[in-house]
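Visitor: how would this look folded up:
(2 chains)
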Number of protein chains: 2
Amino acid sequence: MSFGGASRGVGQESKSPSAPTGQLPQRGSIRKSGPGGHPARWGEGRSQGFRRTHLRGGGSGPHVGGSNDAKHISGERHVADQSKSLQLRSLVKSSGELELSLAAVPIPEPGPDEILVRIEASPINPSDLGLLLGPADLSTAKVSGEGEAAVVTAQVPPQAMRMLAARLDESMPVGNEGAGVVIKAGASPEAQALLGKTVAILGGAMYAQHRCVKAADALLLPPGATAADGASCFVNPLTALGMVETMRREGHKALVHTAAASNLGQMLNKICLKDGVGLVNIVRSDEQAKILKDIGARHVVDSTKPTFLEDLTAALVETGATLAFDAIGGGKLAGQILACMEAAANQTATTYSRYGSSTYKQVYIYGGLDTRPTELNRAFGMSWGLGGWLLTPFLMKIGPEAAAKLRQRVADELKTTFASHYTAEISLAEALKPEVMAAYNRRATGEKYLINPSK
Amino acid sequence: MSFGGASRGVGQESKSPSAPTGQLPQRGSIRKSGPGGHPARWGEGRSQGFRRTHLRGGGSGPHVGGSNDAKHISGERHVADQSKSLQLRSLVKSSGELELSLAAVPIPEPGPDEILVRIEASPINPSDLGLLLGPADLSTAKVSGEGEAAVVTAQVPPQAMRMLAARLDESMPVGNEGAGVVIKAGASPEAQALLGKTVAILGGAMYAQHRCVKAADALLLPPGATAADGASCFVNPLTALGMVETMRREGHKALVHTAAASNLGQMLNKICLKDGVGLVNIVRSDEQAKILKDIGARHVVDSTKPTFLEDLTAALVETGATLAFDAIGGGKLAGQILACMEAAANQTATTYSRYGSSTYKQVYIYGGLDTRPTELNRAFGMSWGLGGWLLTPFLMKIGPEAAAKLRQRVADELKTTFASHYTAEISLAEALKPEVMAAYNRRATGEKYLINPSK
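Guide: Numbers count the residues shown, from 1 in each chain, chains lettered A, B, ... in the order given. Below you'll find the predicted structure:
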C-alpha cells in the first residue's frame, strides 16, 4: 500500500477522446457501435502493416453527429503528416491483454467557440493510472517496436477481467488534465482572446499532442505561469477544495484526511490553514508526518503507532471533525475513523443510547490505495454514513457558478497553495518504456510524473 | 444468525422513564447526576433491605424541572401501596453484571394535557432486547427472589463492556411501544376525550403497569381494536412505512429488504403490494421464501442458494431497485447488494467508466442480526452509500405533519396491513423467568412475545 499521490476523484472517462470538452467530463451517450456502423477496432487490419484507429466523432469536440467523414473516422499511424497528432491509447483486449501505444490521429479543427491547445504538460495522477494501466501485471510487460512506434503489452490477471467488461476491446485515450498553448482558435471573441495564451484544461485525452476544447472551459493561467505550473490545476486542487466545500455544505466543522502526505494532502493542509479549518491528517510513517509538520500541519496521527486510536480520538475531540475523506478504501481504517468519531462524540455525551450518539459521522472513500475489502465493525452507533466521492459529480451538484469560484481560487493561488512539484518530465514515447512505467506506477509519496507530449 | 424479528429502528432510549412522552422519543438533556444532586443509584442502600430507585423527574411527564419532591425522586419496592406501579428495569453494573428486576414506582399524575394509560400490551421487539438484555450471556442467568420480587442476574462478557460505558450503573426502564386503556386524564378537552379509550403509545418505559403521556401523542385505536391489536402500532409499521417513504424522498423506485420474512418484512410486502412498489426480498431458507410467497411477494431470492448473486441481479434489473434496507449488518451481504445493483445498472450502460456506473446505490443498515464486521469489496463503482437508519431521526427529519400521515395510515390499516401475531402473552414477572427469557431472546422467524403488565 502506497501513500503517495492519493488523488482520485475525477468522474467518468468518456470513450470518446473529444466528447468531454465541457468544464466537467460528461457521461457520453456514445454507443458501443461507432458512428456510421464502422466496427473497426485497434488491432484490426494489423496484417496490412497499418493499424486503423476508430475515433468516435474524431477530434473536433462533442458536436459530431452526422458530420463525420472517413477522414475523421479512421487515422493511419506512423505516417509523416502535419495534420496528424500523437495520442496515447490504452486498450484491454478480451483475450486478457493490456496494450499501450501511440495513435496518430487527425489534428482537430476548432469550431467557432473552441480552441486548439498544444499540450505541453499533463500529470500522471493515480486517477489516470487506473485507466492507463488498469489491473495489468507490469512484470509481464513486453515491448515491440521503438520510440513512437512502440507497443507495450502486459497480462491482465483473469480475476480482474470481470471488472473491465465495459471497456474491453475499446481503444481509450488517457489523461484527465493538462496545460499548453492555444495554437488555433475559433472565430468567437472568447476563443480569439486565448490565442497564444497558456491555458489549463480538463476532460480526458490529455496524453496527446493536441486537444480541442470549448474556450469557456479553459482556465487562463496567470502571467508568467508555465504549462507545467498549470498542468495539475484541476484534479488535486479542485478535489482538495471540494473536500472543504463538502464539509461546509454538509454541516461539518472540521476534516479528517488519510494518505495525508500526498500532493493532494499537502494542498488540503494549505487550504485548511489558510481558511482556519481543523484538519486531522492520518499518515503511515514518521517521514510522512514530517512532510506535513514542515508545512504547518497541526494534527498529524500515525496509523502504524500503537496509540493510533487514542491519538486519533484526541485529535477528533480537539477539532470536532465528523467528516473524513479516505484515499485508502480497504482494510479497517474507514471503520476506525468512524469509531473514533463516535468515541469523541461520547466523551461529551450526557445520555445513553444503545444506538450510539446522535452525532452524524461520515466517511467518503475517494481512492483505493488499499484494494482489500473495507471492513467495518460498526462500533459507531447508527448515525453514520460511508460512501464514494468523486470530483465530477460533486462539481455537477454544486453547479457551474460555485464550481467557477473554486476554479478561480486555483488560478489565484496557483504558485502558492496549489503549487505542484514533479519528479520528472517525460515524453509520450518515454511513457511507454517499461522502466519508466515502473517508476510512475510506484506512486511513492511526494513523487509525481509529468508527461510533455510536445517534448 | 437469526432472521426473525428483524425490526429495529427506534431512536435513543431516554434514561428517564418519563422524558419522552412526545410523539418521538427525544434525546433528553438529563445529566448523569440527578436533579437535586441525589446521586442515588440502583444497588445503593441494599443493606437497608430496600432498594431506592432514582427516578429522574418522576413519572409525570417531561415537565419536571424544579418541581420534584422527595416522593417523586425515590420509590420503595415491594410495598403494597395503591399509588405504586411495577416497572421492569435493566441495569448493567460496572462490575460486569446485568440485573433485571421490577421496580415499584409512584403512579404518575397526569398534567392538564396528559393521560395516564394502564398498559395492557407491549411487544418484545429486537430493538427492546438490545436494551433489556444487552450483550449479557443468558446461560449464566441466576434468579433470586420470586414473582414480582425476583431479581435476575447474568454476566456480561468483558469485551462487550466497553460498548456499554454510557449506561453503566443506570437503572433503565424498557419497552419502546405499547397499548392500553386511559384510566385518568388531565383537564384539557383533548385529554378528557380519551378517558376510557384504548390507545397506542410510543416512547420507552412501556414494560410497566402505567405510563403517562401527552394526549396529543397517543394514537386512538379504531373501535373494536384491543390493546394487543394496537401494541405494535409504531415500531414495525412506521419502520416499514419509513422505508417506502425514504425510497420516495431519495429518488429511488423500488426496494430491497433483507431478513425479509420477519414480521416487519411481511408488513413491508403488504405495503409494497398495495402501493405498487417493487420489492426484492432476501431470505435465507425455503421456509422463509414460502412465508413471503404465500402473502403474494413477487421477488424472493435466497442468499443460501448458489445462484444468489445472479438471482438478485435479475430481480434488481426487473424492479430497478437501487435502495436496500438491511437488518443483517454483518458479513458480505450489504456489499453484495451494492455489487448486484451495480451489475444491474451496467447491463444497460452504454459507456465505460473506471469509476463505475453513475447510478447511485444506497444500502441502509437498520439492524445487526449478524454482529460480525461488515465487509465491502467495493466492486460497485464510486456512486454508492452505506449508512445507519433509525426510525426516530427519520421521523424528525420528515416533520410532524408527514409523520402524522404515516401514523394515521397505521390506524386505518391496523387489522389488515399492520396486523401482528404473537407467540405468547406474558406478565412482567414471567418476563424475568430464565426459560421465558430464553424463548423471547431466540428471535425466531415469525415468533414474537407480548408483555401484558396488567396480567
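Visitor: secondary structure class for A:M161?
Guide: Put simply, A:M161 is helix when judged by DSSP: H, G, I helix; E, B strand; the rest coil.
Visitor: endpoint to endpoint, stretch A:323-340 covers what distance?
Guide: Start-to-end span of stretch A:323-340 (Cα to Cα, to the nearest Å) is 12 Å.
Visitor: can you check stretch A:226-243 too?
Guide: Terminal residues of stretch A:226-243 lie 27 Å apart, using Cα to Cα.
Visitor: is that stretch in proximity to chain B?
Guide: No. Counting by Cβ under 8 Å from any Cβ of the partner chain, chain B is not contacted by stretch A:226-243; separation bottoms out at 12.7 Å. For the C-beta atoms, the positions are set from N, CA and C on the backbone; glycine is no exception.
Visitor: give the rounded mean pLDDT of that stretch.
Guide: The average pLDDT for stretch A:226-243 rounds to 96.
Visitor: same check, this time on stretch A:367-384
Guide: pLDDT averaged over stretch A:367-384 gives 94.
Visitor: try stretch A:254-273
Guide: pLDDT averaged over stretch A:254-273 gives 96.
Visitor: tell me where the stretch 51-200 of chain A has helices.
Guide: In the stretch 51-200 of chain A, the segments counted as helices under DSSP state H, counting those that start in this stretch are A:70-73, A:126-132, A:158-161, A:189-192.
Visitor: show me where the stretch 351-455 of chain A has its helices.
Guide: Here the stretch 351-455 of chain A has its helices, by DSSP H, counting those that start in this stretch, at A:391-412, A:434-440.
Visitor: tell me what the last one is packed against?
Guide: Based on contacts counted as 3 or more Cβ pairs under 8 Å, 6 or more residues apart in numbering or on different chains; DSSP states H and E, the elements that helix A:434-440 packs against are strand A:137-144, strand A:424-426, strand A:449-451.
Visitor: for A:H299, give me its contacts.
Guide: A:H299 makes contact with A:G278, A:L279, A:V280, A:N281, A:A315, A:E318, A:T319, according to Cβ atoms under 8 Å, 6 or more residues apart in numbering or on different chains.
Visitor: just want the most central residue of chain A.
Guide: Nearest residue to the geometric centre of chain A (Cα atoms, centre = their mean): A:S127, 3.6 Å.
Visitor: nearest residue to A:S427 other than its sequence neighbours?
Guide: Once flanking residues are discounted, A:S427 sits nearest to A:K455: 4.1 Å by Cβ to Cβ, 6 or more residues apart in numbering or on different chains.
Visitor: how far does stretch A:322-332 stretch from start to finish?
Guide: End-to-end distance of stretch A:322-332: 17 Å, with Cα to Cα as the criterion.
Visitor: just the mean pLDDT for that stretch, thanks.
Guide: On average, stretch A:322-332 scores 97.
Visitor: and that stretch with chain B, contact?
Guide: Yes. Shown here: stretch A:322-332 in contact with chain B (Cβ under 8 Å from any Cβ) through A:G329, A:G330.
Visitor: centre of the chain to that stretch, how far?
Guide: Here the centre of stretch A:322-332 is set off from its chain's centre by 18 Å, with Cα atoms, centre = their mean, to the nearest Å.
Visitor: per-residue pLDDT, A:E447?
Guide: On pLDDT, A:E447 comes in at 84.
Visitor: quick one: it and A:H421 touch, right?
Guide: No. At 9.5 Å, A:E447 does not count as touching A:H421 under the criterion of Cβ atoms under 8 Å.
Visitor: of these two, give the one with the bigger neighbour count.
Guide: Neighbour count, other Cβ atoms under 10 Å in any protein chain shown: between A:E447 and A:H421, A:E447 has more, with 18 against 12.
Visitor: how close does that one get to A:S303?
Guide: 21 Å (Cβ to Cβ, to the nearest Å).
Visitor: now do the residue nearest to the centre of chain A against B:L390, distance only.
Guide: 35 Å.
Visitor: next: A:L219.
Guide: Remark: distance between A:L219 and B:L390 (Cβ to Cβ) = 44 Å.
Visitor: those two: which is more packed in?
Guide: Comparing A:L219 with B:L390 by other Cβ under 10 Å, the one with more neighbours is B:L390, at 25 against 21.
Visitor: for that one, which non-adjacent residue is spatially closest?
Guide: A:M382 (4.9 Å).
Visitor: shouldn't that neighbour be in contact with A:Y355?
Guide: Yes. With contacts counted by Cβ under 8 Å, A:M382 reaches A:Y355, the gap being 4.3 Å.
Visitor: give me the more crowded residue out of those two.
Guide: Neighbour count, other Cβ under 10 Å: between A:M382 and A:Y355, A:M382 has more, with 26 against 21.
Visitor: pull the contacting residues for that one.
Guide: Going by Cβ under 8 Å, 6+ apart, the list of residues near A:M382 reads A:Y355, A:G356, B:I365, B:Y366, B:G388, B:W389, B:L390.
Visitor: now render those as TSV, adding distance to B:G330.
Guide: Putting those into TSV (distance: Cβ to Cβ, whole Å) gives the following:
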residue	distance to B:G330
A:Y355	16
A:G356	16
B:I365	9
B:Y366	13
B:G388	14
B:W389	16
B:L390	18
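Visitor: what's the lowest-pLDDT member of those?
Guide: Among those, A:Y355 has the weakest pLDDT, 78.
Visitor: how far away is it from chain B?
Guide: For A:Y355, the distance to chain B equals 6 Å [Cβ to the nearest Cβ, to the nearest Å].
Visitor: who touches stretch A:128-148?
Guide: A:8, A:13, A:78, A:86, A:88, A:90, A:92, A:98, A:100, A:102, A:124, A:150-157, A:160, A:163-164, A:172, A:174-176, A:207, A:428-429, A:432-434, A:437-438, A:440-441, A:443, B:354.
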